[in-house]
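# fold the following.
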Amino acid sequence: MFVFTRILGKKQISQLTFFEYVTGIAIGDLAGVVSTDLDSHYSYGLIAMFIWFIVPLVLEMLTLKSKTLRHWFEGTGTMLVKDGKILEDNLKKERYTADELLEQLRTKSVFKVADVEFAMLETSGELSVLLKSEHQPLTPKHIGLKLVTEKPAQAVIMDGVIQDEPLATAGKSRGWLHSELDKIGVTKENVFLGQVDTYGVLMVDLYDDKLKVPKPSQKLILLATLKKCEADLDLFSLTTRHPEAQQMYTTCSEQMRQVIKELETTLRS
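Residues are numbered from 1 along each chain as shown. Take a look at the predicted model:
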(Lines give C-alpha, C1' and ligand atoms only; values in the text may rest on other atoms or scores of the structure.)
Protein backbone atom coordinates (compact mmCIF):
# COMPACT_ATOMS: atom_id res chain seq x y z
CA MET A 1 0.00 0.00 0.00
CA PHE A 2 2.90 2.33 0.77
CA VAL A 3 4.48 1.70 -2.66
CA PHE A 4 1.14 2.12 -4.44
CA THR A 5 0.42 5.40 -2.63
CA ARG A 6 3.91 6.76 -3.35
CA ILE A 7 3.49 6.04 -7.07
CA LEU A 8 -0.06 7.43 -7.24
CA GLY A 9 1.30 10.68 -5.81
CA LYS A 10 0.48 13.26 -3.15
CA LYS A 11 -3.08 13.74 -4.46
CA GLN A 12 -3.97 10.32 -3.02
CA ILE A 13 -3.39 11.56 0.55
CA SER A 14 -4.58 15.16 0.14
CA GLN A 15 -8.09 16.46 -0.54
CA LEU A 16 -9.55 13.57 -2.52
CA THR A 17 -11.83 13.67 -5.52
CA PHE A 18 -14.71 11.17 -5.73
CA PHE A 19 -12.70 8.71 -7.79
CA GLU A 20 -9.60 8.95 -5.57
CA TYR A 21 -11.81 8.48 -2.51
CA VAL A 22 -13.30 5.26 -3.90
CA THR A 23 -9.86 4.01 -4.97
CA GLY A 24 -8.39 4.58 -1.53
CA ILE A 25 -11.24 2.75 0.20
CA ALA A 26 -11.03 -0.20 -2.22
CA ILE A 27 -7.24 -0.67 -1.87
CA GLY A 28 -7.43 -0.33 1.92
CA ASP A 29 -10.27 -2.85 2.17
CA LEU A 30 -8.45 -5.35 -0.05
CA ALA A 31 -5.28 -4.97 2.04
CA GLY A 32 -7.30 -5.68 5.19
CA VAL A 33 -8.82 -8.81 3.66
CA VAL A 34 -5.40 -10.10 2.50
CA SER A 35 -3.98 -9.53 6.00
CA THR A 36 -6.76 -11.27 7.97
CA ASP A 37 -8.45 -13.84 5.72
CA LEU A 38 -6.33 -16.97 6.15
CA ASP A 39 -8.65 -19.19 4.10
CA SER A 40 -8.12 -17.35 0.80
CA HIS A 41 -4.86 -17.41 -1.12
CA TYR A 42 -3.06 -14.12 -0.66
CA SER A 43 -2.16 -13.93 -4.37
CA TYR A 44 -5.78 -13.22 -5.31
CA GLY A 45 -5.85 -10.25 -2.99
CA LEU A 46 -2.55 -8.95 -4.34
CA ILE A 47 -3.83 -9.24 -7.93
CA ALA A 48 -6.98 -7.31 -6.99
CA MET A 49 -4.92 -4.59 -5.28
CA PHE A 50 -2.64 -4.39 -8.32
CA ILE A 51 -5.68 -3.92 -10.61
CA TRP A 52 -7.06 -1.17 -8.36
CA PHE A 53 -3.63 0.43 -8.56
CA ILE A 54 -3.19 0.17 -12.34
CA VAL A 55 -6.66 1.45 -13.29
CA PRO A 56 -6.40 4.79 -11.38
CA LEU A 57 -2.83 5.26 -12.61
CA VAL A 58 -3.86 4.81 -16.26
CA LEU A 59 -6.91 7.04 -15.83
CA GLU A 60 -4.76 9.71 -14.19
CA MET A 61 -2.46 9.68 -17.23
CA LEU A 62 -5.47 10.02 -19.53
CA THR A 63 -7.07 12.85 -17.53
CA LEU A 64 -3.84 14.85 -17.84
CA LYS A 65 -4.52 15.07 -21.57
CA SER A 66 -8.32 15.28 -21.64
CA LYS A 67 -10.39 18.00 -19.99
CA THR A 68 -13.58 16.02 -20.68
CA LEU A 69 -12.27 13.03 -18.74
CA ARG A 70 -11.20 15.34 -15.89
CA HIS A 71 -14.73 16.71 -15.66
CA TRP A 72 -16.16 13.18 -15.79
CA PHE A 73 -13.97 11.61 -13.10
CA GLU A 74 -13.12 14.64 -10.92
CA GLY A 75 -16.22 16.78 -11.42
CA THR A 76 -16.34 20.58 -11.50
CA GLY A 77 -16.64 23.27 -8.87
CA THR A 78 -20.01 24.75 -7.91
CA MET A 79 -20.64 28.43 -7.27
CA LEU A 80 -22.47 28.87 -3.96
CA VAL A 81 -22.19 32.65 -3.47
CA LYS A 82 -21.98 35.34 -6.15
CA ASP A 83 -21.93 39.12 -5.62
CA GLY A 84 -22.82 38.64 -1.97
CA LYS A 85 -25.93 36.56 -2.75
CA ILE A 86 -26.40 32.88 -1.98
CA LEU A 87 -27.33 30.69 -4.95
CA GLU A 88 -30.00 28.49 -3.35
CA ASP A 89 -30.40 26.19 -6.36
CA ASN A 90 -26.71 25.30 -6.28
CA LEU A 91 -26.91 24.72 -2.52
CA LYS A 92 -29.70 22.19 -3.08
CA LYS A 93 -27.75 20.57 -5.91
CA GLU A 94 -24.80 19.97 -3.60
CA ARG A 95 -27.09 19.12 -0.64
CA TYR A 96 -25.55 21.97 1.31
CA THR A 97 -27.46 23.70 4.09
CA ALA A 98 -27.21 27.38 5.00
CA ASP A 99 -25.66 26.38 8.35
CA GLU A 100 -22.94 24.36 6.61
CA LEU A 101 -22.20 27.25 4.24
CA LEU A 102 -21.91 29.73 7.13
CA GLU A 103 -19.68 27.29 9.00
CA GLN A 104 -17.35 26.96 6.00
CA LEU A 105 -17.24 30.76 5.60
CA ARG A 106 -16.34 31.18 9.27
CA THR A 107 -13.37 28.84 8.82
CA LYS A 108 -12.16 31.39 6.23
CA SER A 109 -12.65 34.24 8.78
CA VAL A 110 -15.69 35.49 6.85
CA PHE A 111 -18.76 36.29 8.96
CA LYS A 112 -20.94 38.22 6.49
CA VAL A 113 -22.18 36.69 3.25
CA ALA A 114 -22.61 40.22 1.85
CA ASP A 115 -18.81 40.68 2.03
CA VAL A 116 -18.20 37.77 -0.38
CA GLU A 117 -17.58 38.40 -4.08
CA PHE A 118 -17.90 34.68 -4.81
CA ALA A 119 -17.54 31.36 -3.01
CA MET A 120 -16.81 28.19 -4.95
CA LEU A 121 -17.23 24.64 -3.66
CA GLU A 122 -14.29 22.79 -5.19
CA THR A 123 -14.34 19.16 -6.29
CA SER A 124 -12.26 18.27 -3.21
CA GLY A 125 -15.01 19.63 -0.92
CA GLU A 126 -12.98 22.72 0.01
CA LEU A 127 -14.73 26.10 -0.13
CA SER A 128 -12.75 28.82 -1.94
CA VAL A 129 -13.74 32.36 -1.00
CA LEU A 130 -12.93 35.72 -2.60
CA LEU A 131 -13.90 38.82 -0.66
CA LYS A 132 -15.12 41.98 -2.32
CA SER A 133 -12.36 44.47 -3.06
CA GLU A 134 -13.32 46.84 -0.24
CA HIS A 135 -13.14 44.02 2.30
CA GLN A 136 -9.83 42.50 1.23
CA PRO A 137 -6.80 43.03 3.50
CA LEU A 138 -4.50 45.95 2.72
CA THR A 139 -1.22 44.84 1.17
CA PRO A 140 2.07 46.71 0.61
CA LYS A 141 1.23 46.85 -3.11
CA HIS A 142 -1.91 48.89 -2.41
CA ILE A 143 0.20 51.67 -0.86
CA GLY A 144 3.04 51.42 -3.37
CA LEU A 145 5.49 49.86 -0.90
CA LYS A 146 8.17 47.59 -2.33
CA LEU A 147 9.40 44.77 -0.13
CA VAL A 148 12.44 42.57 -0.39
CA THR A 149 11.74 39.12 -1.84
CA GLU A 150 11.59 36.67 1.04
CA LYS A 151 13.61 33.47 0.88
CA PRO A 152 13.02 30.32 2.93
CA ALA A 153 14.71 30.46 6.33
CA GLN A 154 17.55 27.94 6.63
CA ALA A 155 17.69 25.72 9.73
CA VAL A 156 21.42 25.94 10.51
CA ILE A 157 21.17 24.37 13.99
CA MET A 158 18.86 21.51 14.90
CA ASP A 159 18.86 19.71 18.25
CA GLY A 160 22.16 21.39 19.14
CA VAL A 161 23.90 20.13 15.97
CA ILE A 162 25.14 22.46 13.22
CA GLN A 163 23.64 21.67 9.80
CA ASP A 164 26.36 22.38 7.24
CA GLU A 165 24.24 22.16 4.06
CA PRO A 166 21.62 24.77 5.11
CA LEU A 167 24.45 26.91 6.47
CA ALA A 168 26.16 26.86 3.06
CA THR A 169 22.83 27.57 1.32
CA ALA A 170 22.47 30.68 3.50
CA GLY A 171 25.97 31.75 2.41
CA LYS A 172 27.40 31.54 5.92
CA SER A 173 30.27 29.67 7.56
CA ARG A 174 30.72 27.92 10.88
CA GLY A 175 32.96 30.77 12.02
CA TRP A 176 30.17 33.29 11.37
CA LEU A 177 27.69 31.07 13.23
CA HIS A 178 29.91 30.75 16.30
CA SER A 179 30.45 34.52 16.23
CA GLU A 180 26.69 35.18 16.17
CA LEU A 181 26.13 32.73 19.04
CA ASP A 182 28.83 34.48 21.06
CA LYS A 183 27.06 37.82 20.52
CA ILE A 184 23.86 36.55 22.16
CA GLY A 185 25.72 34.57 24.79
CA VAL A 186 24.55 31.00 24.05
CA THR A 187 26.24 27.78 23.02
CA LYS A 188 25.10 25.62 20.13
CA GLU A 189 24.39 22.73 22.55
CA ASN A 190 21.66 24.86 24.19
CA VAL A 191 20.00 25.69 20.84
CA PHE A 192 17.00 23.54 19.92
CA LEU A 193 16.52 25.29 16.55
CA GLY A 194 18.50 28.04 14.84
CA GLN A 195 17.45 29.66 11.57
CA VAL A 196 19.00 32.24 9.25
CA ASP A 197 16.43 34.48 7.55
CA THR A 198 16.45 36.38 4.25
CA TYR A 199 18.52 39.21 5.74
CA GLY A 200 21.19 36.93 7.19
CA VAL A 201 19.92 37.31 10.77
CA LEU A 202 20.28 34.36 13.13
CA MET A 203 17.17 33.49 15.16
CA VAL A 204 17.39 30.82 17.86
CA ASP A 205 14.99 28.83 20.02
CA LEU A 206 16.64 27.49 23.18
CA TYR A 207 15.99 24.33 25.16
CA ASP A 208 15.70 26.50 28.27
CA ASP A 209 12.58 28.60 27.61
CA LYS A 210 13.28 30.76 30.66
CA LEU A 211 16.35 32.28 29.02
CA LYS A 212 15.65 35.42 27.02
CA VAL A 213 17.58 35.91 23.80
CA PRO A 214 18.24 39.54 22.81
CA LYS A 215 16.48 40.60 19.63
CA PRO A 216 18.73 40.92 16.56
CA SER A 217 19.67 44.53 15.87
CA GLN A 218 21.43 44.27 12.50
CA LYS A 219 18.45 45.63 10.56
CA LEU A 220 18.07 48.62 12.88
CA ILE A 221 21.79 49.30 12.62
CA LEU A 222 21.51 49.20 8.82
CA LEU A 223 18.56 51.63 8.94
CA ALA A 224 20.50 54.02 11.16
CA THR A 225 23.50 53.80 8.80
CA LEU A 226 21.33 54.63 5.77
CA LYS A 227 19.85 57.63 7.57
CA LYS A 228 23.34 58.82 8.53
CA CYS A 229 24.40 58.57 4.87
CA GLU A 230 21.38 60.67 3.90
CA ALA A 231 22.26 63.29 6.51
CA ASP A 232 25.91 63.36 5.35
CA LEU A 233 24.84 63.88 1.74
CA ASP A 234 22.58 66.76 2.80
CA LEU A 235 25.46 68.28 4.75
CA PHE A 236 27.86 67.95 1.82
CA SER A 237 25.36 69.64 -0.52
CA LEU A 238 25.07 72.58 1.88
CA THR A 239 28.80 73.03 2.52
CA THR A 240 30.18 72.64 -0.99
CA ARG A 241 30.57 75.74 -3.18
CA HIS A 242 30.84 73.86 -6.45
CA PRO A 243 27.42 73.91 -8.23
CA GLU A 244 27.89 70.57 -9.97
CA ALA A 245 29.00 68.85 -6.78
CA GLN A 246 26.10 70.42 -4.90
CA GLN A 247 23.66 69.08 -7.51
CA MET A 248 25.26 65.62 -7.32
CA TYR A 249 25.00 65.50 -3.52
CA THR A 250 21.38 66.67 -3.64
CA THR A 251 20.45 64.00 -6.20
CA CYS A 252 22.19 61.28 -4.20
CA SER A 253 20.43 62.44 -1.03
CA GLU A 254 17.03 62.20 -2.73
CA GLN A 255 17.86 58.73 -4.02
CA MET A 256 18.96 57.65 -0.55
CA ARG A 257 15.74 59.07 0.92
CA GLN A 258 13.72 57.00 -1.56
CA VAL A 259 15.69 53.86 -0.66
CA ILE A 260 15.02 54.45 3.04
CA LYS A 261 11.32 54.96 2.36
CA GLU A 262 11.12 51.62 0.53
CA LEU A 263 13.11 49.68 3.13
CA GLU A 264 12.11 51.29 6.42
CA THR A 265 9.09 49.04 7.06
CA THR A 266 11.15 45.93 6.38
CA LEU A 267 14.11 47.02 8.50
CA ARG A 268 11.88 47.91 11.46
CA SER A 269 10.04 44.57 11.44
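# mind listing the residues bridging to Ser128?
Ser128 has these beta-bridge partners by DSSP bridges: Met120.
# right, and it touches Val116 too?
No. Ser128 lies out of contact with Val116 (C-beta atoms under 8 Å); the separation is 10.7 Å. The way it works is simple: take the backbone N, C-alpha and C, and place the C-beta from them, glycine included.
# which of those two has more neighbours?
Val116 (22 against 13; other C-beta atoms under 10 Å).
# list the contacts for that one?
Residues in contact with Val116 (C-beta atoms under 8 Å, 6 or more residues apart in numbering) are Val81, Gly84, Leu105, Val110, Val129, Leu130, Leu131, Lys132.
# show me where the protein has its strands.
Along the chain, counting by DSSP state E, strands occupy 78-82, 85-86, 116-121, 127-131, 154-158, 161-162, 191-196, 202-206.
# before we move on, back to that, and the two most separated of the contacts of Val116?
Using C-beta to C-beta, the pair of those lying farthest apart is Leu105 and Lys132, separated by 13.4 Å.
# neighbour count: the two, which is higher?
Leu105 (20 against 13).
# so the more buried one sits right up against Phe118, yeah?
No. Under the criterion of C-beta under 8 Å, Leu105 makes no contact with Phe118, lying 12.0 Å away.
# residues shared between the contacts of those two?
Listed as contacting both Leu105 and Phe118 by C-beta under 8 Å, 6+ apart are Val129.
# could you list the low-confidence segments of this protein?
Applying pLDDT under 70 to the chain flags the ranges 1-2, 4-19, 38, 145, 147-148, 214-218, 269.
# quick check: the residue of it most remote from its centre vs Thr107, distance?
Within the chain, the residue lying farthest from the chain centre (C-alpha atoms, centre = their mean) is Arg241, at 54.3 Å. According to C-beta to C-beta, to the nearest Å, Arg241 stands 68 Å off from Thr107.
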